[in-house]
Structures are given as C-alpha cells and as structure tokens.
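Participant: pasting a predicted model and its sequence here:
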Amino acid sequence: MEEIIKISVRKLVEGVLSTSVPGPGPKQIFARLGREAHVAVQQSRGDGYLAEEGISLEFDLEGRRVLLSGRMDGLY
C-alpha cells in the first residue's frame, strides 16, 4: 500500500510564511494581522461567499501521494 503524506492547509501556509517574510517574531505578528484581515475579508464578501469551508485534495507530487486538507475562505 502506498504511503500518503498528509499536510494541513494551515501547516502549508505557515511554512510558506515563515520562510518568505523576514522580520523579528513573525509568527505573533502574522497571527494578529491574519486574524484582523480574516475578519475584514469575511465581512466584506457578498452573497454566496463560503467562509471556513472544508477542503480535501489528494494528488501526486514528485512520485509521492499527498493529501492536503483543512479549511479555507474565498470559495463561491
């Protein structure tokens, strides 16, 4: 049976942010700014906007099977 690498949307985004944005204490800064932006975006969207929608995607990447799952905003 093929091993499946499981990764959450949150861990994927945290990994990208922690390596791409320089600065002291980025996790705390990103957490606060992220919460503020998150609420503002959710409140500004119109009808049909899906917030905190569960997703799951299984795909092959460089010869390995990957399962990406979690919640995301911005679905219509």
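Facilitator: That came through fine. Numbering: from 1, shown residues only.

Participant: separation between the spatially most central residue of the chain and residue 56?
Facilitator: Against the mean C-alpha coordinate of the chain, by CA atoms, centre = their mean, the closest residue is residue 9 at 3.8 Å. Between residue 9 and residue 56 the computed distance is 10 Å (CB to CB, to the nearest Å). Quick note: C-beta positions are derived from backbone N, CA and C, even for glycine.

Participant: shared neighbours, these two?
Facilitator: Residues touching both residue 9 and residue 56 (CB atoms under 8 Å, 6 or more residues apart in numbering) are 68, 69.

Participant: residue 42 contacts residue 51, correct?
Facilitator: Yes: Residue 42 lies in contact with residue 51 (CB atoms under 8 Å); the separation is 4.9 Å.

Participant: which residues do those two both contact?
Facilitator: In contact with both residue 42 and residue 51: residue 73, using CB under 8 Å, 6+ apart.

Participant: how about the helices of the protein, start to end?
Facilitator: In the chain, the helices defined using DSSP state H lie at 9-20, 26-44.

Participant: for the shortest one, give the mean pLDDT please.
Facilitator: Put plainly, it is helix 9-20. For helix 9-20, mean pLDDT is 71.

Participant: which intervals of the protein have sub-threshold pLDDT?
Facilitator: 1, 16-26, 75-76 (pLDDT under 70).

Participant: who's in contact with stretch 55-67?
Facilitator: Residues beyond stretch 55-67 that count as contacts (CB under 8 Å, 6+ apart) turn out to be 2, 3, 4, 5, 6, 7, 9, 68, 69, 70, 71, 72.
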